[in-house]
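Asker: how would this look folded up:
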Amino acid sequence: MAWTSKYAARFTEPVVDQIVAIIARDIQAALAWVATVSPTLPAAAFKPFIEYDLALLPIEQFPALLVVPDQEGFDAESDLTRHQNIRLLVSLAVTNQDRSLCARLCQRYVRAVDAILNSAWELTPQDFYSTALALPSPPYATGAKSPGLTGGSLMRVFVEAHGYDEMRRTAQGVFAMAATLAVIVELEET
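Answerer: Now for the predicted structure:
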C-alpha cells in the first residue's frame with residue numbers, strides 16, 4: 001500500500017510568506033501614518049524596507065525586515081486537525097548617522113509593523129487568504145505572489161511582544177539598531 005499523509009497542513013511556510021507580503025504592501029502607508037501621529041521626525045526619514053530576509057544573515061541594506069519561525073506547538077487533543085500555535089519573529093533593522101534618531105526610527109518602524117499586523121488581522125483578515133499579494137524580490141522570485149492560507153484556517157494573529165537590541169555601528173560608521181516583534185499565529189489545518 002502506498003503511503004499517504006493523514007493531514008494536508010502546510011505549517012509555517014505560507015504564514016511567513018503572507019506576513020511578508022502584507023508588510024511589503026502596507027509598509028509605506030503605515031510609515032506615513034506613523035509620521036503624522038508622531039511628527040517629531042520628518043516623513044522623509046521613513047523609507048520602505050529595502051531588504052527582506054527569510055533567514056538570519058548579515059544585513060546588507062537598510063531598512064531591512066526578517067521574518068522567521070521561532071516555534072510551532074500543537075494541540076494534543078486535536079486528533080482530526082492540526083491545531084497549531086506558531087511563534088514568528090518579525091525583526092527589523094534601521095540605520096542613521098545620529099544615534100538618538102536611529103533609536104527613534106527603530107521605535108517608529110516597530111509601531112508601523114505592529115499596526116500593519118494588528119490591522120490586517122482586525123480589519124482585513126481576508127488578506128491572509130489572498131493569493132494575489134506581491135512578494136518582494138529578493139528573496140522571492142520576480143513576480144511571485146503570496147500562497148494564501150487555507151480558507152478558514154486562521155484563528156488568531158497576536159503581537160505578543162516587542163524586543164529591542166542594543167545599538168551598533170556599521171562598517172560604514174553609521175548607527176544601526178534592530179528590534180523584534182514576537183507574533184503568535186494560531187491555525188487549525190486538516
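Asker: use CA for all of it now, contacts and neighbours both
Answerer: Will do.
Asker: where along the protein do the strands fall?
Answerer: 51-53, 64-74, 82-96, 154-164, 168-169, 175-189 (DSSP state E).
Asker: what's the second one packed up against?
Answerer: Using 3 or more Cα pairs under 8 Å, 6 or more residues apart in numbering; DSSP states H and E as the contact criterion, the secondary-structure elements in contact with strand 64-74 are helix 13-37, strand 51-53, strand 82-96.
Asker: quick revisit: tell me which of the strands of the chain sits nearest to Glu122.
Answerer: The stretch from these with the least distance to Glu122 (Cα to Cα) is strand 154-164; that distance is 8.8 Å.
Asker: what's the angle between that closest one and helix 13-37?
Answerer: Angle of strand 154-164 versus helix 13-37, following axes from the mean of the first three to the mean of the last three Cα atoms, to 10 degrees, is 60 degrees.
Asker: Let me know which of the strands of the chain is tucked in deepest.
Answerer: Of all the strands of the chain, strand 82-96 has the most neighbours on average by mean count of other Cα atoms under 10 Å, namely a mean of 23.
Asker: quick one on the thing from earlier: for the helices and strands packed on strand 64-74, give me a markdown table that also has mean pLDDT and distance to Ser137.
Answerer: Compiled in a markdown table, the helices and strands packed on strand 64-74 are given as follows (pLDDT from 0 to 100; distance: least, Cα to Cα, whole Å):
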| stretch | mean pLDDT | distance to Ser137 |
| --- | --- | --- |
| helix 13-37 | 95 | 11 |
| strand 51-53 | 96 | 8 |
| strand 82-96 | 96 | 17 |
